[in-house]
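**Student:** just to be clear, the model below is a prediction. Sequence and coordinates:
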Amino acid sequence: MNTTSDNISTNRIGHLCRRYIAIKRSMILIGLAAMISLIVLISAAISYYDGVTARSATSIILFAFMIFKLTGYALTSTMFYELNSNSTAPQFYTLPATMFEKLISAWLISFVAYSLVGISVLYILSLLIGLDPTWFFNIKVFNEIWTYTIIQSIFLLGAAHFRSNNFLSTVVAMLGVVILFGLLALVISNTIYPKGWFFRIPTTLFTSSTSRIISTCIITLVASTFFIWLSYLRLKKQQLT
């Protein structure tokens, strides 16, 4: 029985983070090897072709961002893989830590640590392919990061909610929600407001105004916190059942 107090302990969170790293060691090493191989491969290609154009360099880094995000989603989907088995789930629930600490530790590894390493690699890659050092701090990169932040929290919820095939189950659930809201918006636009009602979900920032960036950061924080909170409620519910 877990008799840990409800007070948050940074020491316990640190131990949990090290435990996650130990469990995910193979996946982390494979990911690092893939990142290094990608840098070496692109560097060799650039040397062979004697440089790349600015447009090609931008395409390369945006493609690398896509790989970064997909890998992050896949890693996040496995953070509570122990819950998928009846033989390992009790071990997770009886760890000497609160459920909130377990969730925060998973978030620190799957989002904070992964993002710091991944974005650092992407920045190095942008320099290697000849992009200006200031290019990485533009609105396109901000769009990539803020959408990744929200969607990553959804995959964290999927990791806590689904009992098998967490990644694919989360993808299917997201597609279902998008289709449902799309059909709902279509029905509303054709029946209730047939002459001028228009609805669009913002997925990118078209301007770099300070107010727009601040509002987007607030939306990102609120949305991510909401999904992380739902993950916590799901884990607590599973612990009681």
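**Tutor:** Looks like it came in fine. Numbering: from 1, shown residues only.
**Student:** so Ala160 makes contact with Phe80?
**Tutor:** Yes: the criterion here is Cβ atoms under 8 Å, and Ala160 meets it with Phe80 at 5.4 Å. C-betas here are computed from N, CA, C, even on glycine.
**Student:** shared neighbours of those two, anything?
**Tutor:** Leu235 (Cβ atoms under 8 Å, 6 or more residues apart in numbering).
**Student:** which positions in stretch 57-68 come out as buried?
**Tutor:** Buried positions in stretch 57-68, judged by neighbour count with 16 or more other Cβ atoms under 10 Å: Ala57, Thr58, Ile60, Ile61, Ala64, Phe65, Phe68.
**Student:** what sits closest to the fourth one if chain neighbours are left out?
**Tutor:** Yep, that's Ile61 we're talking about. If the residues on either side of it in the chain are set aside, Ile61 comes closest to Ser126, at 5.0 Å by Cβ to Cβ, 6 or more residues apart in numbering.
**Student:** also the last one?
**Tutor:** Among residues not flanking Phe68 along the chain, Gly118 sits closest, at 4.7 Å (Cβ to Cβ, 6+ apart).
**Student:** would you check that that neighbour makes contact with Tyr73?
**Tutor:** No: look at Gly118 against Tyr73 with Cβ under 8 Å: they stay out of range, at 11.9 Å.
**Student:** low-confidence ranges in this structure?
**Tutor:** For the chain, the stretches with pLDDT under 70 are 1-6, 43, 46-52, 189-190, 192-209, 241.
**Student:** repeat that with 80
**Tutor:** Within the chain, the set of residues satisfying pLDDT under 80 comprises 1-7, 31-32, 34-57, 85-87, 129-130, 138-140, 182, 185-214, 216, 239-241.
**Student:** which stretches of this structure form helices?
**Tutor:** For the chain, the helices defined by DSSP state H cover 10-23, 25-49, 54-77, 89-93, 99-107, 114-128, 139-161, 166-191, 210-240.
**Student:** check contacts around the residue nearest to Ile61.
**Tutor:** Counting by Cβ under 8 Å, 6+ apart, Ser126 makes contact with Ala57, Ile61, Trp135, Phe136.
**Student:** what residue lies at the spatial centre of the protein?
**Tutor:** For the chain, the residue nearest the mean C-alpha position is Gln152 (2.5 Å; Cα atoms, centre = their mean).
**Student:** these two touch, right, it and Ile109?
**Tutor:** No: if you go by Cβ under 8 Å, Gln152 and Ile109 don't touch, sitting 11.9 Å apart.
**Student:** what residues do the two have in common as contacts?
**Tutor:** Applying Cβ under 8 Å, 6+ apart, one finds that no residue jointly contacts Gln152 and Ile109.
**Student:** ok so, going back, any idea which of the buried residues of stretch 57-68 is closest to Phe142?
**Tutor:** Set against Phe142, the nearest of the buried residues of stretch 57-68 by Cβ to Cβ is Phe65 (11.4 Å).
**Student:** verify the stated contact: that closest one with Tyr123.
**Tutor:** No: Phe65 lies out of contact with Tyr123 (Cβ under 8 Å); the separation is 11.2 Å.
**Student:** which residues do those two both contact?
**Tutor:** Taking Cβ under 8 Å, 6+ apart as the contact rule, Phe65 and Tyr123 touch no residue in common.
**Student:** for Lys24, grab phi and psi.
**Tutor:** Lys24 adopts backbone torsions of phi -90, psi 20, taken as degrees, to the nearest 10.
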